[in-house]
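**Student:** for reference, the sequence and a predicted model appear below.
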Amino acid sequence: MNVPRMTRFGQGGGCACKIPPGELETLLSGLTDRAVKGGADGGGVPAGAKCPGELLVGPEHGDDAAVVRLRPDLAAISTADFFTPVVDDPYTWGRIAATNALSDVYAMGGTPVMAINLLAWPRSVLPMELAREVLRGGLAAARGAGCPVAGGHSVDSPEPLYGMSVTGTVHPDRLITLDGATVGQPLTLTKPLGVGVLNTAHKATGEVFPEAVEVMTTLNRDASAAATAAGVRGGTDVTGFGLLGHAQRLARASGVTLAIDAERVPVLAAARTAAAAGHISGGSRRNLAWVAPHADLTAADELTTLLLADAQTSGGLLLAGELPGHPVIGEVLPFTGHTLVLR
């Protein structure tokens with residue numbers, strides 16, 4: 001079978017196709033369960049209804065997943081994530097998309113226990129055999145996580161989309177959230193940056209970057225387990241809003257300033273060259289535009305700053321705490337008037 005280039009069938013690629021963070025915040029403003037609860041306007045929870053669990057984490061800060069306490073020692077984590085092709089090989093795309101969806105549970109300190117597929121497919125354009133390869137890749141990633149895939153949902157669509165809705169569990173006292181960073185803690189990043197730049201270069205040229213695929217298909221399971229064991233309670237994963245965008249959310253929710261030492265941030269070897277050649281996604285530039293008014297970025301040159309804003313797909317964890325074997329890239333400071341400061 002002649003396999004077409006999958007990245008040509010989506011207007012974006014991977015997490016770079018996310019709605020920009022500023023637009024997303026405006027869209028969601030006031031649309032939280034806490035805001036509409038009571039049912040006066042016909043939405044939310046009807047008056048007098050009793051919820052089966054306590055909502056511990058909702059959309060207020062933009063955490064990676066929602067969390068509901070089921071009992072004192074058990075909470076359920078729920079998330080969904082899907083995107084357009086980020087690489088041309090359908091099996092690899094499936095692995096990456098599933099790894100990325102599972103990451104939302106790991107970013108909260110949880111363990112995935114079940115996943116369901118989310119698939120949109122242009123049946124008249126792309127063979128269904130390719131869709132099967134995508135699903136096979138997703139299944140392989142989920143099996144690697146010890147997480148069963150129990151069905152899903154599919155639709156006919158103008159462009160291909162794939163991801164998963166994942167359910168996980170966590171002890172409520174071990175949650176990792178955006179508002180959990182405290183002054184004096186180091187900042188740790190568990191995967192290098194640059195996959196967004198390399199994915200953009202791959203889409204433009206067809207060149208395959210194995211180092212980017214390796215990063216995107218590596219589960220955040222071990223890093224998450226190490227973080228919870230170390231008592232980390234503040235953090236997030238680094239995906240479509242880039243390191244700077246996700247760091248800003250962490251700083252804002254925690255009421256602190258994050259100081260990032262730009263030279264200590266790991267970046268994939270080929271990414272700087274690709275960025276200098278102009279392979280910067282529109283999503284990365286929108287990330288930087290959103291962060292810039294609230295940050296002091298003067299210590300880094302433009303190329304470095306764009307790499308720090310690079311829209312990652314299935315990136316690592318940004319944690320307020322130190323993990324052996326992973327680089328410390330900065331520290332948590334008292335709020336200085338900026339959410340972020342580059343040094």
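**Tutor:** Here it is on my side, so go on.
**Student:** and the strands in the stretch 201-343 of the chain?
**Tutor:** With DSSP state E, counting those that start in this stretch, the ranges of strands along the stretch 201-343 of the chain come out as 235-237, 256-260, 295-296, 317-320, 328-334, 340-342.
**Student:** distance of the most centrally placed residue in the chain from residue 163?
**Tutor:** The structure's the chain has its C-alpha centroid closest to residue 239; by Cα atoms, centre = their mean the separation is 3.5 Å. Between residue 239 and residue 163 the computed distance is 12 Å (Cβ to Cβ, to the nearest Å). No exception for glycine: its C-beta is placed from N, CA and C like everyone else's.
**Student:** closest to residue 154 out of the strands of the stretch 201-343 of the chain?
**Tutor:** Ranking the strands of the stretch 201-343 of the chain by proximity to residue 154 (Cβ to Cβ) places strand 235-237 first, at 26.1 Å.
**Student:** that closest one pairs with which strands?
**Tutor:** Using DSSP bridges, strand 235-237 pairs in its sheet with strand 317-320 (antiparallel).
**Student:** how about JSON lines for the strands of the stretch 201-343 of the chain, with mean neighbour count, distance to residue 200 and mean pLDDT added?
**Tutor:** Shown next, in JSON lines, are the strands of the stretch 201-343 of the chain (neighbours: other Cβ atoms under 10 Å; distance: least, Cβ to Cβ, whole Å; pLDDT from 0 to 100):
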{"stretch": "strand 235-237", "mean neighbour count": "28", "distance to residue 200": "20", "mean pLDDT": "97"}
{"stretch": "strand 256-260", "mean neighbour count": "24", "distance to residue 200": "23", "mean pLDDT": "98"}
{"stretch": "strand 295-296", "mean neighbour count": "19", "distance to residue 200": "23", "mean pLDDT": "98"}
{"stretch": "strand 317-320", "mean neighbour count": "28", "distance to residue 200": "22", "mean pLDDT": "98"}
{"stretch": "strand 328-334", "mean neighbour count": "18", "distance to residue 200": "23", "mean pLDDT": "98"}
{"stretch": "strand 340-342", "mean neighbour count": "22", "distance to residue 200": "23", "mean pLDDT": "98"}
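**Student:** mind putting the ones you listed into TSV with distance to residue 4?
**Tutor:** What follows is the strands of the stretch 201-343 of the chain, written out as TSV (distance: least, Cβ to Cβ, whole Å):
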stretch	distance to residue 4
strand 235-237	31
strand 256-260	40
strand 295-296	41
strand 317-320	34
strand 328-334	39
strand 340-342	41
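**Student:** between those strands, which one is closest to residue 270.
**Tutor:** The nearest among the strands of the stretch 201-343 of the chain, by Cβ to Cβ, is strand 328-334 at 20.2 Å.
**Student:** residue 149 pairs with what?
**Tutor:** residue 115.
**Student:** surely it and residue 118 touch.
**Tutor:** No: counting by Cβ atoms under 8 Å, residue 149 stays clear of residue 118, with 11.2 Å between them.
**Student:** name the residues contacting each of the two.
**Tutor:** residue 164 (Cβ atoms under 8 Å, 6 or more residues apart in numbering).
**Student:** for residue 314, give its distance to residue 275.
**Tutor:** 19 Å.
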